[in-house]
Each structure stands twice: as structure tokens, then as C-alpha cells.
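> what's the 3D shape of this:
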Amino acid sequence: MKRLAVILAAAALILAAGAVAWAGPLNLNLLVDDTAAKAGTYGAGSMRPIVLSNDGTKLYAGYLWWGYDDANPDTMGVYEYDAGSGVRTRQNTDRYYDHQFANKGLAIDSAGNIYSNDPDRDRIIVIKPDLTTSVPIDLDVVIDGDPGNDGAKEYDPEGLVVHGNRLFFSTDAANLGRVYALGISQFTGGFDTTDTMTLDTTWGGGDGYAQMETKNNYGKMAIDSSGNIYVPNEDNQVWKIDSAGNDVGLPLVSAPGCDGLSPVDVAFFDGSIYVAYNADDGSVPDGSGIGVYEAATGNFIDYLTDPKLNAAEGVAVSSDGLLYVSQGYFGQQGYTDVVFKSSALVPEPETAIPEPAAAVVWLLGAGVVLCCAAMRGRRRKL
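Numbering: from 1, shown residues only. Predicted coordinates:
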């Protein structure tokens with residue numbers, strides 16, 4: 001009995017020792033700083049979304065430039081970097097992008113094709129893996145069968161994510177709060193400039209889209225291995241759409257649980273979602289950081305911050321658990337137009353015990369130890 005009590009006490013203390021809450025501060029290292037290289041021909045720039053290649057060796061970043069005058073209109077591009085060293089290797093800056101509010105979404109398919117958004121013209125740009133060739137896909141044609149009016153912004157694609165042979169995009173403008181599914185098998189089967197997409201009406205109850213609350217969607221979406229989609233919006237919420245594309249009535253995360261404002265991007269890793277918050281106006285202390293939530297329940301886990309991080313724009317997590325965060329250019333101070341990389345793996349919440357449970361375990365352990373001591377004292381008196 002005595003030995004069992006001692007073993008239980010030791011086990012309880014060991015469990016409690018491992019049941020610490022996540023350490024909120026991040027230790028971010030500067031990986032990419034390409035400001036000088038891109039702030040030239042087209043004017044000022046801003047780094048937006050980031051996405052990792054399928055093998056994790058490359059990092060792709062979407063940029064937006066503001067032109068100085070009509071001769072140099074606003075444009076955007078996608079740059080490729082070595083995910084380990086941060087060295088820029090290739091870029092794609094086709095001039096037909098020209099618009100201002102672009103590149104909020106970036107995705108990659110199984111063949112390595114890259115998908116970027118062109119919201120002002122209701123288009124999605126598909127870029128060949130070597131970044132040499134791009135194909136603009138008109139969503140008015142794909143969904144409605146009619147080129148429509150480029151200035152109408154009927155779909156205004158924002159976030160993008162790929163799962164299998166489907167590309168999902170979240171909408172702004174006329175179709176607020178929707179996520180559409182497009183078939184991209186022509187591109188995953190081998191890139192060709194004549195390839196196109198089709199509205200996938202087998203998803204979303206037969207209409208090819210899932211409906212959330214009618215709010216503006218922000219940034220890049222995330223998807224898990226089961227096909228569930230996570231979408232941030234302007235009400236500081238994150239919505240979850242199941243793999244069948246059923247309409248959703250309530251958000252997964254309705255209150256941030258942290259100081260962060262404006263969820264602009266989200267990544268999925270190991271049962272959790274990592275939400276990049278941007279409060280670059282300085283109105284909230286630690287307003288820019290990474291909120292971590294349970295993907296199944298939306299329960300808040302932790303808020304990860306770093307003094308260098310003041311205007312998060314994009315977030316990605318590698319398959320081995322390294323965190324990448326991009327930071328844009330919107331009047332903030334300090335680091336601008338850069339990508340940070342965490343120096344250590346992100347914590348694994350499923351191996352940790354929540355703080356209340358940890359306290360219970362500590363109390364149980366302490367109680368067992370005290371009982372053992374009392375029993376020994378009584379035996380000595382007898």
C-alpha cells in the first residue's frame with residue numbers, strides 16, 4: 001500500500017510538472033527581409049499571405065505594390081523563398097494583376113501550382129510551379145457562364161485553400177459570407193494555359209457554396225486533413241465549415257479570448273488552429289499576435305506574441321511544427337514586409353493538461369504524500 005501511494009504521488013507530480021500552460025511569448029527570428037528588392041519599379045509594397053510548398057522546403061509570399069502614378073499602376077506578385085535560409089529564389093509579377101486590394105489569399109495544390117486572388121476583377125490567378133506562367137480564371141464565367149462586369153465585384157475572392165482537386169475561396173462584396181468550391185483537376189493533372197475550373201455542385205448542398213453569416217471574410221483560409229474549412233471574418237470570429245459544405249449558423253470562435261483584433265489569416269496544425277491577428281493601429285497592446293484554439297471546439301488555448309510582431313498578415317505552420325508569420329506594410333513601426341520563423345516547435349496542446357486539471361493533479365499528489373507521511377507517523381507511535 002505504501003509503495004502504491006508513493007508511486008501514485010510521484011506519477012501525479014510528474015503529470016502536473018508536464019501540465020504547464022503554454023508560454024505566451026514567441027521567439028521569432030527574422031527569415032525574410034526583401035523590402036529593398038521590391039520597393040523599386042512599382043512603388044511601395046506590402047507582404048500579405050504566405051504558404052509553404054508541399055515538401056516544406058519553399059515559402060511563397062504574396063505581395064501588393066502601390067504604383068506612383070497611372071504609368072505604374074498597382075500590381076502584385078508572388079515571390080518564392082528558401083524556407084530554411086529565407087533566400088529569394090524566384091518570382092512572378094505578371095502586370096495584368098493591376099489592382100490595389102489584392103493578394104489576400106494564396107494556396108498550393110498537390111502538383112505545386114500556386115493560386116492567388118484578384119478580387120477587384122473577380123479572378124483567381126493560377127501560377128505554374130516554376131512561376132514562369134500564369135493563367136487568370138474569370139469567376140463570372142466559371143460560376144455564371146457570363147464574363148459580367150469586372151467592376152461589379154460579384155465574388156471578390158479573398159481567402160483561398162486547396163484540398164485534393166478542389167479549390168475553395170471565400171467571398172466579399174455581393175456574396176458576403178460564402179465559401180465556394182471549384183474543381184481544379186485540369187490543373188492538378190498538368191498545367192496548361194487552356195485549363196480552367198468548374199463550379200463543384202457536389203459540395204455545399206448542390207449549389208457549390210456554403211453560407212455563413214453575411215460578413216466580410218478576411219485573409220487566407222485553412223483546411224484540415226478531413227476537409228473542414230476555417231474562415232476568419234471582420235467580427236473577430238472564425239467560422240468552421242464541414243467537409244460536405246453545409247451552411248453554418250454559428251461561428252467556431254465568437255470571442256477571441258485574447259487582445260488580438262482583426263483575424264486576417266488562419267493555419268491548421270495538429271488539432272489546433274493558429275489565427276493571425278492584426279491591430280496595426282496600435283490601439284490595443286499586443287494587438288498583433290497568434291491566437292491558438294482547439295479546432296474541434298473553438299476553445300481558446302493561448303495567445304502567442306513577440307515584440308517584433310506588430311502587424312501580422314499571414315501565418316503558416318510546417319509539417320514539423322515550425323511557425324511562419326508574415327508582417328505587412330500599413331503604417332506600423334519596426335519590422336515591415338518581412339517573414340519571421342519560430343526558433344522552436346509550437347506546443348502540442350493535446351499532450352498538456354488544462355490548468356484547472358493540473359491544479360487538481362497537484363492537490364491529489366500532495367494529498368497522497370501527506371497521507372503517506374501520516375501513516376508512517378502513526379506506525380512509529382504504535
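> so who does F168 touch?
For F168, the contact set (Cβ atoms under 8 Å, 6 or more residues apart in numbering) comprises L160, V161, V162, V179, Y180, A181, L182, M221, I223, I229. Heads up, the C-betas are built off the backbone N, CA and C, glycines and all.
> Sheet partners, orientation included, of the helix or strand in which it is found?
Secondary-structure assignment from DSSP states H and E places F168 in strand 166-171. Strand 166-171 has the following strand partners under DSSP bridges: strand 157-163 (antiparallel), strand 178-183 (antiparallel).
> Run through who's touching the longest one.
So that's strand 157-163. Residues contacting strand 157-163 (Cβ under 8 Å, 6+ apart): 104-110, 115-119, 122-124, 139, 167-172, 184, 216-223, 227, 229, 231-232.
> Give me the nearest residue to L304, chain neighbours excluded.
Leaving aside its chain neighbours, L304 sits nearest to I290 (4.2 Å; criterion: Cβ to Cβ, 6 or more residues apart in numbering).
> my guess is the one you found meets I301, correct?
No. If you go by Cβ atoms under 8 Å, I290 and I301 don't touch, sitting 10.6 Å apart.
> So for these two, which residue has more residues nearby?
The neighbour comparison of I290 against I301 (other Cβ atoms under 10 Å) goes to I290, with 29 against 20.
> ok, back up a step: would you mind checking the contacts of strand 157-163 for buried ones?
104-109, 115-119, 122-124, 139, 167-172, 184, 217-223, 227, 229, 231-232 (16 or more other Cβ atoms under 10 Å).
> Strands - which of the residues you listed land there?
The members of those that map onto strands under DSSP state E are 106-108, 115-118, 123-124, 167-171, 222-223, 229, 231-232.
> Quick check: buried residues in stretch 270-280?
Using 16+ other Cβ under 10 Å as the test for burial, stretch 270-280 gives D270, S272, I273, Y274, V275, A276, Y277, N278, A279, D280.
> Columns secondary structure and distance to L30 on top of those residues, output as CSV?
Listed next are the buried residues of stretch 270-280 as CSV, based on DSSP: H, G, I helix; E, B strand; the rest coil; distance: Cβ to Cβ, whole Å:
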residue, secondary structure, distance to L30
D270, coil, 25
S272, strand, 25
I273, strand, 25
Y274, strand, 19
V275, strand, 22
A276, strand, 17
Y277, strand, 20
N278, coil, 19
A279, coil, 21
D280, coil, 18
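> quick check, nearest of these to S326?
The closest of those to S326 turns out to be A276 (Cβ to Cβ; 8.3 Å).
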